[in-house]
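Asks: what would the 3D arrangement of this be:
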Amino acid sequence: MAPKSLAGDSQYDYDSQWDQDAGSSIDDDSHSGDSGAPANSTFSQDVSGGRFLQAADRAMGTLEGLHRQPASAWKRALKHKSGTVVSVTKESSSTGPGKGGRYYKAPVFKGELDIMGFEPVAVFGVVGTRKLWDDWYKEGNLVQNLSDNSSLTYTCMKGITGSSTRDLSLVEQVKGTGQGTILFASTSVVSPIVPRVSGRVRASIALNGWVLEPIPGGTKITYYLHVDVKTFVPAFAAMKYLARRPTCIAKIAEYLKVNGPPPMAGVEASPPASTRNARNSNGGGGGGGDDKEFVPRRRRDSSVSRRSAHPSIAGALPPTVEPNEDATSYADIQKAHKQLKQQLASSPNEWSHYVDHEDNAFWTKKRDGEDLPVVKGEAIIEGVTTEMVLGTIKNSAARKVWDVRYAGTKHVSLDNGFDQGVYVESHKGIFPNLGARHYVVATGVDRADLSTDHSTVSLVSRSTKAKVSGPADSTKGQLDLAGWVLSPHTATSVRIQHVALVSPSSKELPSSLGKVLISEIATAPARLAEFIGTHGHAPSFVRWGEGPAQLLSGEDGDITKGQVTFRVGGDGDGTMKGGEQKSWLQWSDKMYERGIEIDVEPKGAATIAKVDGIERTAEFVWSDDVKEGVVKVILRRAEGDGAEDLFVGGEFLDSTVAMAKGANVSRRSKKAVIVKDDSDDSPPPAPRARSAAPAAAPATNGSSKTNGYTAAAAGAGAAVAAAATVAAVAPARRAVVAPAAAKEVAAPVAAAPVQQQQQQVAMMQPGSIPENACLIISKDLYFTRQQVVFMAGVVAVSFAWGKIA
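Replies: Now for the predicted structure:
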């Protein structure tokens, strides 16, 4: 619970002398802004770019200097009932320039407490997960890694009664010493990629520092705080309020006592006890000594999700088809990739930033002569790879869940047999203002590194001039760009960037409907992340080898129950690599908690085996039977012992194949294949008994090659999803993701470079207009079809009664 007032003084024993001096401990320095900060300031000047690391280094140096100060430099301020002692420096120092260039001076506060039974690394695990113990903390996230031990972060703090929330743009640095001491320091910086947010007061912290030192039987924790009080809390709270802040270390001790240390992802153990030296007499360990340093890694609060350790494939994937450069779709796809890169690289000043009622941030940019602007949305999902997110975007069954306006996709031509082609996408309308729409689009995927499942990926769609008829009751719309860029945020998380330029209607859209559509497009990443968080990522083929087999669709079945049917055709004319055509399928441990059942119809169309050393991945080796007609690959949940269990035709499969040592890319140059719609809606077969299955074919080796869309293009994925979301008005909720085992939920993604003057758009509430809305007066006032029919009936009866009377 957030701190609400200054009540509760009974918990604090204030030193009488400091209590009298507290009101006079803050003052303004007479230095002007041109003369620079005083030498004794802990403040880090406004920085950008490479100077962030310098600010982090200065903060760490200041922390080490404060920790070396003798006891005579401090005076006791108060003692908490937990035993935490808070001291304050006898001399105030500058916290940095304020308004008008004048420097603000304040003392440094220090809290100390011995926590028994836990080593520094265990304590650090709680310190780094603030939502476990910090009453002030509201939300926060990692913005950018600067080095192995330094980062740029965003944090939002709860406001006390009568004041607004405060937020912070911080650089942080963490390091350890050979004696086992861990130091963690942060300081405020000004950065264009952490812009101010409307409704939040940007605060400034000169130093927020932690020193965790090993002592016999436990850890001594020392916390340092040096802040610009006038930006951090209202004047009425002032020094007494901040003096209590260091007592937060008592909450850390309480959490450890009750729960123990949290699981730490990637945390290195403390040095062995034999390598530690006793703390020096001045209470050091804050960076001194000649012992080799180690770098502890803290578990961060994630951006929009729970954490799940799902490693990417630690090796090369099998060969996959390349884009078909001879296809008519290729030129449009390349234009879309270029346009996507240009939009993401455009100046921050060109974008206007908004935050909807669900705290989802998005950006818009005006388009001349168009009702809808360029729209950009972002999210971060943890516990997945870029290929898993890409597969969920492309999977029609999944998209029908997270995009309520999406009606379906019809394949017109497959240009490389896998992820390039021309499609007709159908979208539901909003009666009577916006009818059903369809878009004839060229769609393609570009991967930065084909040897891994966790590289930067882009999926783009753009309207093409192919002469294809859409549904009879639908109007053709124009899609200039629908782009998804998926880039590795960490080894186990993905940053999603979504950009759309859509013209859904030839008529002028009502302003209320336009706002709903803008918000719906922008929050597509959040809704996609919510789907993955609730159901897991959709099963998908992450690689598709050269050969006659072509992936036609994957949209049948109730994916929320794990029911998915892929259709594979045999009209491709590619040449099999080494006489075999292979594809790799991955599935989610959240969607298939007790394993997966796969049925292939006809049975001889593919041989299936698990891939050794890779979680939840199966290899398909296609036979010539795929040329005889459409092959169904039917997936459903199994009743096995765990998510890794694979059943084929009702029989438990324990045969495996080794993954390839390298990946090779085959370039396809051929005419596009017109796809025949030979769909069948027959239900999947019933589960059968568990037994042994025959071994599958061995894997082949190859060489590696990469595709052209690099991380510099800003991320990963582009898709037709934007076109589907253009008419959508489903509820847009904050993205929360990841496996059930994860327990930590974190804050929303930080704003990317945007216009500094941001606006809060509370009016945009996607989902307020239902699908059956008939008469829309505004986003808050509408009537459904049933209501309109009823009212018309009442009017007719009244009119008739009046005539009779």
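Asks: all contacts plus neighbour counts: C-alpha atoms, from now on.
Replies: Fine.
Asks: doesn't Lys335 fall inside a strand?
Replies: No: with DSSP: H, G, I helix; E, B strand; the rest coil as the criterion, Lys335 is helix rather than part of a strand.
Asks: mind checking what secondary structure the nearest residue to Gly642 once chain neighbours are set aside has?
Replies: Excluding its sequence neighbours, the residue lying closest to Gly642 (C-alpha to C-alpha, 6 or more residues apart in numbering) is Arg594, at 4.2 Å. Three-state call for Arg594 (three-state DSSP): coil.
Asks: contacts only, for Arg594.
Replies: Contacts for Arg594 (C-alpha atoms under 8 Å, 6 or more residues apart in numbering) come out as Arg637, Ala638, Glu639, Gly640, Asp641, Gly642, Ala643, Glu644, Asp645.
Asks: next one, pLDDT for it please.
Replies: pLDDT, Arg594: 90.
Asks: how close does it sit to Val384?
Replies: Counting by C-alpha to C-alpha, to the nearest Å, the gap between Arg594 and Val384 amounts to 19 Å.
Asks: try Trp402
Replies: 17 Å.
Asks: who has more neighbours, these two?
Replies: Val384 (28 against 24; other C-alpha atoms under 10 Å).
Asks: relative to Val630, how far out is that one?
Replies: Taking C-alpha to C-alpha, one finds Val384 at 31 Å from Val630.
Asks: sec struct for Ala397, please.
Replies: Applying three-state DSSP: Ala397 is helix.
Asks: just checking, it touches Ile559?
Replies: Yes: with contact defined as C-alpha atoms under 8 Å, Ala397 counts as touching Ile559 (6.0 Å).
Asks: shaky segments in the stretch 151-300 of the chain?
Replies: By pLDDT under 70, the low-scoring segments of the stretch 151-300 of the chain are 159-164, 228-241, 263-300.
Asks: now the strands for it?
Replies: 165-176, 182-188, 200-202, 205-215, 218-227 (DSSP state E, counting those that start in this stretch).
Asks: so can I have JSON lines of the ones you listed showing mean neighbour count and distance to Ala500?
Replies: Converted to JSON lines, those look like this (neighbours: other C-alpha atoms under 10 Å; distance: least, C-alpha to C-alpha, whole Å):
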{"stretch": "strand 165-176", "mean neighbour count": "25", "distance to Ala500": "29"}
{"stretch": "strand 182-188", "mean neighbour count": "28", "distance to Ala500": "34"}
{"stretch": "strand 200-202", "mean neighbour count": "18", "distance to Ala500": "29"}
{"stretch": "strand 205-215", "mean neighbour count": "25", "distance to Ala500": "38"}
{"stretch": "strand 218-227", "mean neighbour count": "23", "distance to Ala500": "42"}
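Asks: to Ser413, which of those lies closest?
Replies: Closest approach to Ser413 among the strands of the stretch 151-300 of the chain (C-alpha to C-alpha): strand 165-176, 48.9 Å.
Asks: restricting to C-alpha, output that closest one in PDB.
Replies: C-alpha atoms of strand 165-176 as PDB (Å, rounded to 0.1, in the frame of the first residue of the first chain):
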ATOM      1  CA  THR A 165       2.500  10.300  -9.000                       C
ATOM      2  CA  ARG A 166       6.200  10.800  -9.500                       C
ATOM      3  CA  ASP A 167       8.300   9.100 -12.200                       C
ATOM      4  CA  LEU A 168      12.000   8.800 -12.800                       C
ATOM      5  CA  SER A 169      14.400   8.300 -15.700                       C
ATOM      6  CA  LEU A 170      17.400   6.500 -14.200                       C
ATOM      7  CA  VAL A 171      20.800   5.000 -15.200                       C
ATOM      8  CA  GLU A 172      21.700   2.100 -12.900                       C
ATOM      9  CA  GLN A 173      25.000   0.200 -12.300                       C
ATOM     10  CA  VAL A 174      25.700  -2.900 -10.300                       C
ATOM     11  CA  LYS A 175      29.000  -4.500  -9.400                       C
ATOM     12  CA  GLY A 176      30.500  -6.800  -6.800                       C
END
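Asks: so what strands line up beside it?
Replies: Using DSSP bridges, the strands paired with strand 165-176 are strand 150-157 (antiparallel), strand 182-188 (antiparallel), strand 200-202 (parallel).
Asks: possible to save those as CSV with distance to Ser94?
Replies: Formatted as CSV, the strands paired with strand 165-176 follow (distance: least, C-alpha to C-alpha, whole Å):
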stretch, distance to Ser94
strand 150-157, 23
strand 182-188, 13
strand 200-202, 18
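Asks: ok, which of those strands comes nearest Asp571?
Replies: strand 150-157 (51.1 Å).
Asks: I'd like the next helix or strand past whatever helix or strand Arg58 lives in.
Replies: In this assignment (DSSP states H and E), Arg58 forms part of helix 51-68. Remark: after helix 51-68, the chain's next helix or strand is strand 74-80, criterion DSSP H and E.
Asks: just the C-alpha atoms of the next helix-or-strand element following that next one, please, in CSV.
Replies: Next along the chain after strand 74-80, taking DSSP H and E as the criterion, comes strand 85-89. Only the C-alpha atoms of strand 85-89 are listed here, as CSV (Å, rounded to 0.1, in the frame of the first residue of the first chain):
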residue,chain,number,x,y,z
VAL,A,85,19.1,3.2,12.1
VAL,A,86,18.8,6.2,9.8
SER,A,87,21.6,8.8,9.7
VAL,A,88,22.0,12.0,7.8
THR,A,89,25.0,13.9,6.6
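Asks: list the buried residues of strand 85-89.
Replies: For strand 85-89, the neighbour count (16 or more other C-alpha atoms under 10 Å) marks Val85, Val86, Ser87, Val88, Thr89 as buried.
Asks: before we move on, what about stretch 510-521?
Replies: In terms of neighbour count (16+ other C-alpha under 10 Å), stretch 510-521 has its buried residues at Leu513, Gly514, Lys515, Val516, Leu517, Ile518, Ser519, Glu520, Ile521.
Asks: using PDB, write out every CA atom in it.
Replies: Extracted in PDB, the C-alpha atoms of stretch 510-521 (Å, rounded to 0.1, in the frame of the first residue of the first chain):
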ATOM      1  CA  PRO A 510     -17.100   9.800 -37.600                       C
ATOM      2  CA  SER A 511     -14.500  11.200 -35.200                       C
ATOM      3  CA  SER A 512     -15.600   8.900 -32.300                       C
ATOM      4  CA  LEU A 513     -15.200   5.800 -34.500                       C
ATOM      5  CA  GLY A 514     -11.800   7.000 -35.800                       C
ATOM      6  CA  LYS A 515     -10.600   7.300 -32.200                       C
ATOM      7  CA  VAL A 516     -11.700   3.800 -31.400                       C
ATOM      8  CA  LEU A 517     -10.000   2.400 -34.500                       C
ATOM      9  CA  ILE A 518      -6.700   4.200 -33.700                       C
ATOM     10  CA  SER A 519      -6.700   2.900 -30.200                       C
ATOM     11  CA  GLU A 520      -7.500  -0.600 -31.400                       C
ATOM     12  CA  ILE A 521      -4.700  -0.700 -34.000                       C
END
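Asks: and it, average pLDDT?
Replies: What stretch 510-521 shows for mean pLDDT is 76.
Asks: make residue 1 into 20 and carry on from there
Replies: Sure thing, new numbering starts at 20, so read that last one as stretch 529-540.
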